[in-house]
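Student: below are the sequence and a predicted model for it; my questions follow.
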Amino acid sequence: MRRALAVIDMQNDFIDGTLGTKEACAIVANVKQKIEEALKAGDDVIFTQDTHYDTYLETAEGKKLPVLHCIYGTKGWKICSSLKEYSENAQVFEKPTFGSVKLARYLATREYEAVEFVGLCTDICVISNVLMAKAVMPECAISVDASCCAGVTPQNHANALNVMKMCQIDIINE
């Protein structure tokens, strides 16, 4: 069975940086374990990296979320140190907004039978990428490990999981 693990935006700014939360800090060890299990099983591991530039505040997103974050090349933009080694040998998709069209197309062309998503933030970038993947791969088994995700708030995390369930995404470890 051809499987992949998509690790969404496990970057310093979302963990303990400008947009970090205690919930995000709490999932890092779980995500590391999930990556190690995927690699041991021979699954592909793919990362996304939220990527903005100094002009971020002038963008549509920046006008609605006027907090500089994940500015290319900064410490906050980098994958967190405990996961960095895994990203160095993985496909990494830099993305200027919530969902990555390139990731969705890549997943579709690889003909995966199953794709599992983990990362940050459940209610923004995770849900965006999950639903894009479902749209381009309607027959693929797509799942989200709730214990390896965190939202902007715990309530938003739960809300996003419920929305994904309604869209026929399998939620595990809730």
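Tutor: Yes, it's here. Numbering: from 1, shown residues only.
Student: mind listing what the closest residue to Val130 other than its chain neighbours touches?
Tutor: On the basis of C-beta to C-beta, 6 or more residues apart in numbering, the spatially nearest residue to Val130 that is not a chain neighbour turns out to be Phe117, at 5.2 Å. C-beta here means a position set from N, CA and C on the backbone, and glycine is covered the same way. Neighbouring residues of Phe117 by C-beta atoms under 8 Å, 6 or more residues apart in numbering: Leu5, Ala6, Ile8, Val126, Asn129, Val130, Ala133, Ile142, Ser143, Val144, Asp145, Cys149.
Student: neighbour count and distance to Ser82 added to these, as TSV?
Tutor: What follows is these, written out as TSV (neighbours: other C-beta atoms under 10 Å; distance: C-beta to C-beta, whole Å):
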residue	neighbour count	distance to Ser82
Leu5	26	16
Ala6	27	18
Ile8	34	16
Val126	29	19
Asn129	27	22
Val130	26	24
Ala133	26	25
Ile142	23	26
Ser143	18	23
Val144	29	21
Asp145	20	17
Cys149	27	16
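Student: which of these fall within strands?
Tutor: In strands, judged by DSSP state E, the following of the contacts of Phe117 are found: Leu5, Ala6, Ile8, Ile142, Ser143, Val144, Asp145, Cys149.
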